[in-house]
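Novice: Mind folding the following:
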Amino acid sequence: MKVVLQVALDLMNLHRALQIAKEAIDGGADWIEAGTPLIKSEGMEAVRALKQRFPDKTVVADMKTMDTGALETEMAAKAGADVVCILGASDDETIKDALRAGRKYGAKIMVDLIGVKDKLSRAEEIEKFGVDYLCLHVGIDEQMKGKQPLNILKLVARKVNIPVAVAGGLNSETVSDVVKAGANIVIVGGAITKAKNVTEATRIIKKAIKEKKVIKTEFYKKYSSEELKKAFSMVSTPNISDAMHRKGAMHGLKPIEHGFHMVGKALTVSTIDGDWAKPIEAIDKAESGMVLVVDVKGGETAVWGELATWSAKGKGLAGVVVDGAVRDLDDLLKIGFPVFCRHISSNAGEPKGFGEIGSEVTCGGQTVKTGDWIIGDDSGVVVVPQERAQEIANRALDVKEHEDRIREEIKRGGSLGTVLKVKKWEKVMG
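Specialist: Below is the predicted model:
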């Protein structure tokens, strides 16, 4: 079959999905998918509305059915779905019964192998059932940790004789690779639905598919563990806090001036009020690009000043965060080095040497370990645990990209309340 572009509408609100679908079709999208979040939010009305609005387009209902295969296939087919998605991890009889209902009501069946451990063996089994399509799907949560569908796609495409769909964080740089690897249906979500100009984004991806070439993009990418500094440099601390479910923000710490965007791994320091020995010693122990995180337990006597800042800048550090006091503010402003603190004070103490370097500390109410990522900007400072850094960086980018699209819809004449239908999504109280 001819390679088709399927646009996954994984949104909460139908009015936004319909507008984005129109723009994507204008850009050349072939199939339109009512994504699972949209179906769970709006029900079969989402499928029905898409088919009524775009009757000449193939509408896919991503039901992710795990049970009651016949019933859910019938529901989707009667609502207008041309293709219904069933999970490959479900029981064999669920898939077979979905097929029976699909044949009865005129819908084709796509089986999604998300969550299946041995995808190759399961693909061969399912093909024998008579399904119409297989889907190799790296879920959004898996994408955040860097997982990609390409290698398993190559194996499955060689083994089966039915069309294979592929989904999983695809963009204009990666769609050509999956087509070359054997994909017949290329499923793209965020790289289209989060774009400011959906029509143009769709055109570019269609061109990359048709010409089987890489078209570079700065957006809608997933970053590896080696690219985290770049990824964190592209997002704000509010983006990161949102990605961490409103956690990670240090309380009460502010930049000494606006305009900093500090990104680096932490070297932790603990000391007592006024004792500036360990913070100074830490400068020499730190590697270039690190951020000193100094726990002074909120003390109001300075442990950091101009000379320490010159030393840190000369060492190539990315910044310093002090849960306590700094001084020499007029000189610090001239140096232009990222400094975040709780207090400004003229008084400094003595270098007594109490405390530690490299141990776990608490700064601004957040636990920080050496090696955790520290990001600071005009809104404050957040800490990202090193073991979750790749996931959180990619989730923060996803937050930013969603906001970029919402901002575009507001500029077109909406409001935040009407675009997101805030009242609809207020928690229902009994």
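
Novice: now the helices for the stretch 201-350 of the chain?
Specialist: Using DSSP state H, counting those that start in this stretch, the helices of the stretch 201-350 of the chain run over 228-233, 237-243, 277-285, 306-315, 329-335.

Novice: buried stuff in the third one?
Specialist: Counting neighbours by 16 or more other CB atoms under 10 Å, one finds that the buried residues in helix 277-285 are 277-283. In short, each C-beta sits where N, CA and C put it, glycine included.

Novice: Would you convert these into JSON lines that also reports pLDDT and distance to K229?
Specialist: Supplementary listing: the buried residues of helix 277-285 in JSON lines, determined by pLDDT from 0 to 100; distance: CB to CB, whole Å:
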{"residue": "A277", "pLDDT": "97", "distance to K229": "30"}
{"residue": "K278", "pLDDT": "98", "distance to K229": "26"}
{"residue": "P279", "pLDDT": "98", "distance to K229": "23"}
{"residue": "I280", "pLDDT": "97", "distance to K229": "25"}
{"residue": "E281", "pLDDT": "98", "distance to K229": "25"}
{"residue": "A282", "pLDDT": "98", "distance to K229": "20"}
{"residue": "I283", "pLDDT": "98", "distance to K229": "20"}
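
Novice: Nearest to V294, out of these: which one, please.
Specialist: Within the buried residues of helix 277-285, proximity to V294 (CB to CB) peaks at P279, which comes in at 5.1 Å.

Novice: separation between that closest one and V361?
Specialist: P279 is 12 Å from V361, where distance means CB to CB, to the nearest Å.

Novice: list the residues that contact both of these two?
Specialist: Common neighbours of P279 and V361, using CB atoms under 8 Å, 6 or more residues apart in numbering, are V269.

Novice: hmm, back to that, turn the helices of the stretch 201-350 of the chain into CSV, columns for distance to C85.
Specialist: As requested, the helices of the stretch 201-350 of the chain are exported to CSV (distance: least, CB to CB, whole Å):
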stretch, distance to C85
helix 228-233, 31
helix 237-243, 27
helix 277-285, 54
helix 306-315, 54
helix 329-335, 57
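
Novice: out of those helices, deepest packed?
Specialist: Across these, averaging neighbours per residue (mean count of other CB atoms under 10 Å) puts helix 237-243 on top, at a mean of 22.

Novice: elements contacting that one?
Specialist: Applying 3 or more CB pairs under 8 Å, 6 or more residues apart in numbering; DSSP states H and E, one finds that helix 237-243 contacts strand 373-377, strand 380-384, helix 389-411.

Novice: ok, of these, where does mean pLDDT dip lowest?
Specialist: Sorting the helices and strands packed on helix 237-243 by mean pLDDT places helix 389-411 lowest, at a mean of 94.

Novice: Tabulate the CA atom coordinates of the following helix or strand past that one in CSV.
Specialist: Next helix or strand after helix 389-411 toward the C-terminus (DSSP states H and E): helix 416-420. Included here for helix 416-420 are C-alpha records, laid out as CSV according to Å, rounded to 0.1, in the frame of the first residue of the first chain:
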residue,chain,number,x,y,z
LEU,A,416,-7.1,30.4,28.2
GLY,A,417,-10.5,29.5,29.7
THR,A,418,-12.2,28.9,26.3
VAL,A,419,-9.2,27.0,24.7
LEU,A,420,-8.8,24.6,27.6
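
Novice: Could you give me the buried positions within helix 416-420?
Specialist: Buried residues in helix 416-420, counting neighbours by 16+ other CB under 10 Å, are found at 419-420.

Novice: List the contacts of it.
Specialist: Counting by CB under 8 Å, 6+ apart, helix 416-420 makes contact with 13, 16, 406, 409-410, 422-423, all of which sit outside it.

Novice: got it, and stretch 390-408?
Specialist: Everything outside stretch 390-408 that qualifies as a contact, by CB under 8 Å, 6+ apart, is 140, 143-146, 190, 193-196, 219-225, 228, 231-232, 234-236, 239-240, 242-244, 373, 384, 416, 419-420.

Novice: Then stretch 171-182?
Specialist: Contacts made with stretch 171-182 from outside it, assessed by CB under 8 Å, 6+ apart, are listed as 3, 148-150, 153-154, 156-158, 164, 166, 170, 186, 188, 191, 201, 204-205, 207-209, 211-217, 219-221.
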